[in-house]
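Asker: based on what follows, work out the 3D shape:
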Amino acid sequence: MREIEDFSDDRLKVWCIHCGTVIADVASNRDHVPTKSLLTKTLRERGAAYDSGAGNEIDYLPQVMVCRGCNSSFSPDENYLLCVLHAVMAGSLYPDPTKNPEAATILRSNRHVVRSLKRGPDGQLFLFENLQPFTLYPDTDKVRRVIVKNARGHAYHEIGEPLLEAPDHVAFVPLAQLSAGQRDAFETVGTAAEFAVWPEVGSRMTVQLLDREAMVGGWITVEPGRYRYSIDWSEAVTVKTLIWEYLATETRWER
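Answerer: Coordinates of the predicted model:
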């Protein structure tokens, strides 16, 4: 995606958006939003090349400055979600490396996650007749933390709002489980009337609105088929994401 310079109020950038610590007082670094491991290796490499000054501007990957402690603390949960997604998409905790090489490599390298998933109903039910297909029962708290982390980062990156409070609403569900009406509501983009509600002056979203590259609640694609997100700030701040065109999420902060 194209990099857009941020001109929002610097006074809103003094805290870590996750813990509220003053950034100037602690070690800090840039955090990718979305979690970089959710993207393909090819895009990650192109993004790294752009960061080093050697790549194309359309290969920019969204990043926000946070404290180093918070950034590193999310890594175990991000890795857990990555394993869950790979297992679900491959249909096994032990995928065939010839058919699902990426999933096989990730899960083989994270046996501790595989073991934790097997402590509950482990989804290998497809091996037996007359039972439901592969199903996982992941730790929803781990998944929720990654979703909120990314949603908070998206809001900060696009509209310049540091949402330091806990969200009022967090939901996530496989897209296929939504009814037709629910899916339409999830995919809906804002109306023209909502352009009267502007985000933080100088924010990246302001630039996109002025260039007519975005709408309230419109989708921003980081990588086709892999990750997209939308932000609606017209009433509450609502961040939706769709991960691998499989996991639909919604995180909301009431005004």
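Asker: next one: the worst-scoring helix or strand of the chain on mean pLDDT to chain centre, how far?
Answerer: Within the chain, no helix or strand scores below helix 204-210, which has a mean of 72 by mean pLDDT, DSSP states H and E. The chain centre lies 21 Å from the centre of helix 204-210; the measure is Cα atoms, centre = their mean, to the nearest Å.
Asker: in that helix, which residues are buried?
Answerer: Residues of helix 204-210 classed as buried: 204, 205, 206, 207, 208, 209 (neighbour count, 16 or more other Cβ atoms under 10 Å). C-betas here are computed from N, CA, C, even on glycine.
Asker: helix or strand for residue 251, which one?
Answerer: Following DSSP states H and E, one finds residue 251 within strand 247-253.
Asker: from the contact counts, what lies against that strand?
Answerer: helix 140-159, strand 169-174, strand 237-243 (3 or more Cβ pairs under 8 Å, 6 or more residues apart in numbering; DSSP states H and E).
Asker: which stretch among the ones you listed comes nearest residue 104?
Answerer: Closest of these to residue 104 is strand 237-243, at 19.9 Å (criterion: Cβ to Cβ).
Asker: residues making contact with the closest one?
Answerer: 34, 38, 85, 147, 150-152, 154-155, 159, 161, 163, 175, 186, 217, 226-232, 247-253, 255 (Cβ atoms under 8 Å, 6 or more residues apart in numbering).
Asker: which of those residues are buried?
Answerer: 34, 38, 85, 147, 150-152, 154-155, 159, 161, 163, 175, 186, 217, 226-232, 247-253.
Asker: before we move on, back to that, out of the helices and strands packed on strand 247-253, which is closest to residue 55?
Answerer: helix 140-159 (18.9 Å).
Asker: next, the angle strand 237-243 makes with the closest one.
Answerer: 120 degrees (axes from the mean of the first three to the mean of the last three Cα atoms, to 10 degrees).
Asker: next one: the nearest residue to residue 245 once chain neighbours are set aside from residue 43, what distance?
Answerer: Closest residue to residue 245 apart from its sequence neighbours, by Cβ to Cβ, 6 or more residues apart in numbering: residue 225 at 5.7 Å. Distance of residue 225 to residue 43, computed by Cβ to Cβ, to the nearest Å: 11 Å.
Asker: what does residue 90 give?
Answerer: Relative to residue 43, and taking Cβ to Cβ, residue 90 is found at 20 Å.
Asker: hmm, back to that, give me the more crowded residue out of residue 225 and residue 43.
Answerer: A direct count of neighbours by other Cβ atoms under 10 Å for residue 225 and residue 43 places residue 43 higher, at 18 against 11.
Asker: is it true that the more buried one touches residue 223?
Answerer: Yes. With contacts counted by Cβ atoms under 8 Å, residue 43 reaches residue 223, the gap being 5.2 Å.
Asker: which residues are in contact with each of the two?
Answerer: Joint contacts of residue 43 and residue 223 (Cβ under 8 Å, 6+ apart) do not exist.
Asker: any low-confidence regions in the stretch 101-250 of the chain?
Answerer: 120-133, 190-198, 201, 209-217 (pLDDT under 70).
Asker: how about a cut-off of 50?
Answerer: Low-confidence segments of the stretch 101-250 of the chain (pLDDT under 50): 122-131, 192-193.
Asker: could you pull out the helices for the chain?
Answerer: Remark: helices assigned in the chain by DSSP state H are 41-51, 68-73, 75-90, 101-108, 111-118, 140-159, 180-187, 204-210.
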